[in-house]
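**Student:** my questions concern the predicted model and sequence given below.
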Amino acid sequence: MTLHEQIRTDMKVALKAKEAAKLRTTRGILTAITNELVATGKTPQDALNDDGVLSVIKRLAKQRKDSIEQYTKADRMDLVEPEKEELAVLETYLPKMMSVAEIKPIAQAKMTELGIEDKSKIGMLIGAVMKELGGRADGGDVKTVVEELF
């Protein structure tokens, strides 16, 4: 079963179980997937591959994190809770992200492999590490680890 089909199934289960947050979130994911399909010139009835679905979910999770941050700054706790609930549902579909401790040896190896010795090529190193990890790590964590190496 593809991730796209799994989300559709989960939406039906959430509807029957009357789980409002999960239903709202899965509907949002399916809408974003449909928008992605249309944007790439496909029809809404097509299925998006797992990598495409994951990139959509990552984008939605990032939006939720940004919203939580903004609502917290604005002291709107009534809006923070639904965003946190949706973020929790989104994270169930994402692969487990690597920790900073797991990223560090990979970053050091890539730094040695590319022969980078000064901070002027930090962007190149971050890009290479992100490509190596293939989306299994948060970009902010990778940036932090790479900056610590200099």
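**Tutor:** In hand now; what should we look at?
**Student:** where's the residue nearest in space to the middle of the chain, which helix or strand?
**Tutor:** The centre of the chain sits closest to residue 58, judged by C-alpha atoms, centre = their mean, with a distance of 2.2 Å. Taking DSSP states H and E as the definition, one finds residue 58 inside helix 50-73.
**Student:** helices and strands around whichever helix or strand comes after that helix, which ones?
**Tutor:** With elements assigned by DSSP H and E, the helix or strand that comes after helix 50-73 is helix 77-93. Judged by 3 or more C-beta pairs under 8 Å, 6 or more residues apart in numbering; DSSP states H and E, helix 77-93 is in contact with helix 3-17, helix 20-39, helix 50-73. Where C-beta positions appear, they are placed from N, C-alpha and C, glycine not excepted.
**Student:** residues touching helix 77-93, excluding its own?
**Tutor:** 3, 6-7, 21-22, 24-26, 28-29, 53-54, 57, 60-61, 64-65, 67-68, 71-72 (C-beta atoms under 8 Å, 6 or more residues apart in numbering).
**Student:** got the buried residues for it?
**Tutor:** 80, 82, 83, 85, 86, 87, 89, 90, 93 (16 or more other C-beta atoms under 10 Å).
**Student:** which of these scores worst on pLDDT?
**Tutor:** Taken together, the buried residues of helix 77-93 show their lowest pLDDT at residue 93, with 89.
**Student:** distance check, that one against residue 121.
**Tutor:** In this view, residue 93 and residue 121 are 35 Å apart by C-beta to C-beta, to the nearest Å.
**Student:** also residue 115?
**Tutor:** Plainly put, residue 115 is 9 Å away from residue 121 if you go by C-beta to C-beta.
**Student:** same deal with residue 101?
**Tutor:** Residue 101 sits 24 Å away from residue 121, going by C-beta to C-beta.
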